[in-house]
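In: Structure of the sequence below:
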Amino acid sequence: MIPEHQNHVVTTIETIPSETVTTSPTLFQRMRKVFNRELLLTLALGQVLSLLICGIGLTSKYLATDYHANTPVFQSFLNYILLFLVYTTTLAVRQGEENLLAILKRRWWKYMILGLIDIEANYLVIKAYQYTTLTSIQLLDCFVIPVALLLSWFFLLVRYKVVHFVGVGVCLLGMGCMVGADVLVGRQQGLGDHKLLGDLLVLAGATLYGISNVCEEFIVKNLSRVEFLGMMGLFGSFFSGIQLAIMEHKELLKVQWDWQIGLLYIGFSACMFGLYSFMPVVIKRTSATAVNLSLLTADLYSLFCGLFLFQYKFSGLYLLSFFIILLGLVLYYSSSTYVAQDPLVYKQFRNAGNPVPDTPNVEPLEPSVTYSSLGQEIEEEPRVRVA
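Out: Alright, predicted model coming up:
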């Protein structure tokens, strides 16, 4: 006889979860992911900088061509004086470690070198207009982009993806289309007998611009925007004042002063001050390389204004180059860059003075930090190596 408890047959019914149906995102969803609010805002901020540079170029052209006021050092000097009055005085009234004297005690010689680099970068590029063509300046001035890329790679430890290099290439292609349009419409300016000298001046100025912009990125992301601008105002006004007294005092005496020239100088100084004040905001949000890519459209805005002000000839390649540059910017911003090692973050994880007991012998490595091209930080846990 079979025991009663063995007469029951227990049936186990396993519930198999239904398979999750995954669908690939549609084209509209992918475009919406790329063209988000952050991307559009970043593109808009870059174009504001381009418009400011356009204003700088237009006022400089009126001063040089209509009033024969060739005073590039004096124009830069006015900007540095404004920076000094606004930002250097702000540092002077601060208390503690962010005070002007405290900053000078720690880093005065670094800012002195950076101020000299910034002054000479402006001077060399403006001086090149006397010796070479506008086309050469437009092409060679793009040299600032590979300089910024290399310096960011080696000193800021930024790592790029293939899409970033593709975006840079597309932007440079758009710049090439604009130069081609200049050749077709015969827009050749600044012809001289020393073209090689002019080209070398542009390359030197672009290199200095790249150094200045990468240093600016490091300062505004790790220290302070006001500190950078205050130090530029202090050392920039000092050294540009010396350069003005030595090299340009005679040209300044030749200027026929009236209210129109005064308005042009005021307009130039306002645009330059706005550019210097606003650029650190955009660099902190993006990077020095991204800002220089955005500034490629500045020449196009100047051309569009020149169609009405200086009767420039129009070519459809100008519009094509504008949209190609914007496409390159979208490609560059569509993916994040990787910082291989962030020393500031690494110090937060390194705690040599307080060893943790009863833990394996673990050797910390530098934390892995990813920054998006729009300046957003994506935190990751620090990597470790077990010894």
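
In: Strands of the stretch 201-350 of the chain, residue ranges please.
Out: 337-339 (DSSP state E, counting those that start in this stretch).

In: in it, which spans are helices?
Out: All helices of the stretch 201-350 of the chain, identified by DSSP state H, counting those that start in this stretch, fall at 225-247, 249-254, 259-285, 288-294, 298-309, 316-333, 343-349.

In: which one of those has the most crowded surroundings?
Out: helix 288-294 (a mean of 27; mean count of other C-beta atoms under 10 Å). Any C-beta I mention is one placed from the backbone N, CA and C, and that applies to glycine too.

In: tell me how far that one is from the chain's mean position?
Out: Mean C-alpha position of helix 288-294 versus that of the full chain (C-alpha atoms, centre = their mean, to the nearest Å) differs by 4 Å.

In: what's that helix packed up against?
Out: helix 37-61, helix 144-154, helix 162-185, helix 195-222, helix 259-285, helix 316-333 (3 or more C-beta pairs under 8 Å, 6 or more residues apart in numbering; DSSP states H and E).

In: and the ones you listed as CSV, adding distance to Ala121 and mean pLDDT?
Out: Putting these into CSV (distance: least, C-beta to C-beta, whole Å; pLDDT from 0 to 100) gives the following:
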stretch, distance to Ala121, mean pLDDT
helix 37-61, 14, 86
helix 144-154, 9, 92
helix 162-185, 19, 86
helix 195-222, 4, 90
helix 259-285, 13, 93
helix 316-333, 22, 87
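
In: picking up where we left off before, of all the helices of the stretch 201-350 of the chain, which one is nearest Leu184?
Out: Leu184 sits nearest to helix 316-333 of all those, at 7.0 Å, using C-beta to C-beta.

In: Packing partners of the closest one?
Out: In terms of contacts (3+ C-beta pairs under 8 Å, 6+ apart), helix 316-333 is packed against helix 37-61, helix 162-185, helix 288-294, helix 298-309.

In: would you put the C-alpha positions of the second one in CSV?
Out: Looking back up the chat, that one is helix 162-185. Provided in CSV are the C-alpha atoms of helix 162-185 (Å, rounded to 0.1, in the frame of the first residue of the first chain):
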residue,chain,number,x,y,z
VAL,A,162,37.0,59.7,-34.4
VAL,A,163,33.8,61.8,-34.7
HIS,A,164,35.6,64.8,-33.2
PHE,A,165,38.3,64.6,-35.8
VAL,A,166,35.7,64.2,-38.5
GLY,A,167,33.9,67.3,-37.1
VAL,A,168,37.1,69.3,-37.2
GLY,A,169,37.7,68.2,-40.8
VAL,A,170,34.2,69.2,-41.9
CYS,A,171,34.7,72.6,-40.3
LEU,A,172,38.0,73.1,-42.1
LEU,A,173,36.3,72.0,-45.3
GLY,A,174,33.7,74.7,-44.8
MET,A,175,36.5,77.2,-44.3
GLY,A,176,38.1,76.1,-47.5
CYS,A,177,34.8,76.7,-49.3
MET,A,178,34.7,80.2,-48.0
VAL,A,179,38.3,80.9,-49.2
GLY,A,180,37.4,79.4,-52.6
ALA,A,181,34.5,81.8,-52.8
ASP,A,182,36.8,84.7,-52.0
VAL,A,183,39.0,83.7,-54.9
LEU,A,184,36.1,83.4,-57.3
VAL,A,185,34.7,86.8,-56.5
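
In: what angle do that helix and helix 316-333 make?
Out: On the basis of axes from the mean of the first three to the mean of the last three C-alpha atoms, to 10 degrees, helix 162-185 is oriented at 170 degrees to helix 316-333.

In: can you check the longest one too?
Out: Here the directions of helix 37-61 and helix 316-333 differ by 140 degrees (the same axes, to 10 degrees).

In: what does stretch 69-81 contact?
Out: For stretch 69-81, contacts defined as C-beta atoms under 8 Å, 6 or more residues apart in numbering pick out 60, 63-64, 119, 122-123, 126-127, 232-233, 236-237, 240-241, 243-244, 247-248, 251-252, 254-255, 261, 265, 268-269, 272-273, 276.
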